[in-house]
Structure formats: structure tokens, C-alpha cells
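Chemist: This is a predicted model, with the sequence first.
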Amino acid sequence: AGASVTDATCDDCGLPKIRVERGEPFHLCLDPACDPMEAAVSDRFDRVWDCPDCDGSLTVEFAPGRVYLACENRPDCETTLSIPSGVAVDECDCGLPIFETAAGRSCLDGTCEFAGHTASATRD
């Protein structure tokens with residue numbers, strides 16, 4: 001979801017590459033078996049941020065059609081945070097990233113004070 005086809009082709013299989021944003025822009029093969037988005041997101045963001053509810057790190061996890069962060073201290077800590085289709089553009093006071101998405105900017109943690117202060121991007 002939210003991917004766009006680019007002019008580049010995959011060096012391994014020759015299929016087109018897509019651009020998908022999950023924290024940052026990734027340029028991946030159209031064939032997920034060739035170049036899985038989950039691996040790219042995990043390589044970049046696994047254990048980058050701390051859990052907002054305990055002293056654990058957030059690990060990148062996968063479910064069909066979904067990439068999310070979960071506390072390493074599961075099941076004792078049940079914190080999970082969806083990685084939206086967008087780019088991390090700043091850091092919130094809570095220590096988690098602020099994402100710019102099609103809906104505006106908000107903290108990754110929907111319960112954070114900043115989370116309700118979304119602002120659409122403006123152009124001059």
C-alpha cells in the first residue's frame with residue numbers, strides 16, 4: 001500500500017522497482033520475494049527506538065500486509081505501534097519519531113501529547 005513504481009529495475013530479476021515509505025523511502029523490487037520490504041524496514045529500524053511504556057527496545061515485527069513495532073519485553077509489555085506509510089521527519093519530546101504522512105504530521109505513539117497536533121504540510 002502506498003507504493004509507486006519507479007523507472008529503475010531490479011538488478012537480480014529485471015522487474016521494476018517500487019518506492020515505498022515506511023519511516024524513510026525504500027526502493028525495492030516489485031517482487032516481494034526478491035526484495036522484501038519487511039527486511040529493509042527491519043534492517044533500518046529494529047531496536048532504534050525505546051518503548052514508551054517500559055525500558056525495552058522496539059523491534060520490527062510483521063503480519064500479513066502490516067509492518068509494526070513491538071516491545072521486546074512481550075508478553076509483559078503489550079506495546080505495539082504501527083509504522084505508517086510516511087517518513088520520519090523529526091523526533092517527538094517522548095523520544096519516538098514524528099511521521100509525515102498524507103494526513104499531516106503526528107507522533108508514532110497515538111497516545112502522546114503531540115499526537116493530536118497534526119499539521120498538514122504547506123508549500124510556499
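Modeler: That came in fine, so what should we check first? Numbers count the residues shown, from 1 in each chain.
Chemist: Give me the phi and psi for residue 40.
Modeler: phi -60, psi -50 (degrees, to the nearest 10).
Chemist: That one is in contact with residue 25, isn't it?
Modeler: No. At 10.3 Å, residue 40 does not count as touching residue 25 under the criterion of C-beta atoms under 8 Å. For every residue, glycine as well, the C-beta is placed using N, CA and C.
Chemist: Show me which of the two is the more surrounded one.
Modeler: residue 40 (19 against 9; other C-beta atoms under 10 Å).
Chemist: so who does that one touch?
Modeler: Residues near residue 40 by C-beta atoms under 8 Å, 6 or more residues apart in numbering: 26, 28.
Chemist: change it to 10 Å
Modeler: Neighbouring residues of residue 40 by C-beta atoms under 10 Å, 6 or more residues apart in numbering: 20, 22, 23, 24, 26, 27, 28, 60, 67.
Chemist: do residue 77 as well
Modeler: So residue 77 contacts 51, 52, 53, 54, 55, 56, 70, 71 (C-beta under 10 Å, 6+ apart).
Chemist: Pull the number of nearby residues for the first one.
Modeler: Under the neighbour criterion other C-beta under 10 Å, residue 51 is assigned a count of 23.
Chemist: Just give the nearest non-adjacent residue to it, would you?
Modeler: residue 71 (4.2 Å; C-beta to C-beta, 6 or more residues apart in numbering).
Chemist: Need phi/psi at the closest residue to residue 28 other than its chain neighbours.
Modeler: Of all residues not flanking residue 28 in the chain, residue 35 sits nearest, at 4.4 Å (C-beta to C-beta, 6+ apart). Phi and psi for residue 35, reported as degrees, to the nearest 10, are phi -150, psi 80.
Chemist: What about residue 35, how many residues nearby?
Modeler: Neighbours around residue 35, by other C-beta under 10 Å: 20.
Chemist: Could you do residue 7 as well?
Modeler: Residue 7, neighbours per other C-beta under 10 Å, totals 6.
Chemist: Assess the claim that it and residue 16 are in contact.
Modeler: Yes. Applying C-beta atoms under 10 Å as the test, residue 7 and residue 16 come out as touching, 7.9 Å apart.
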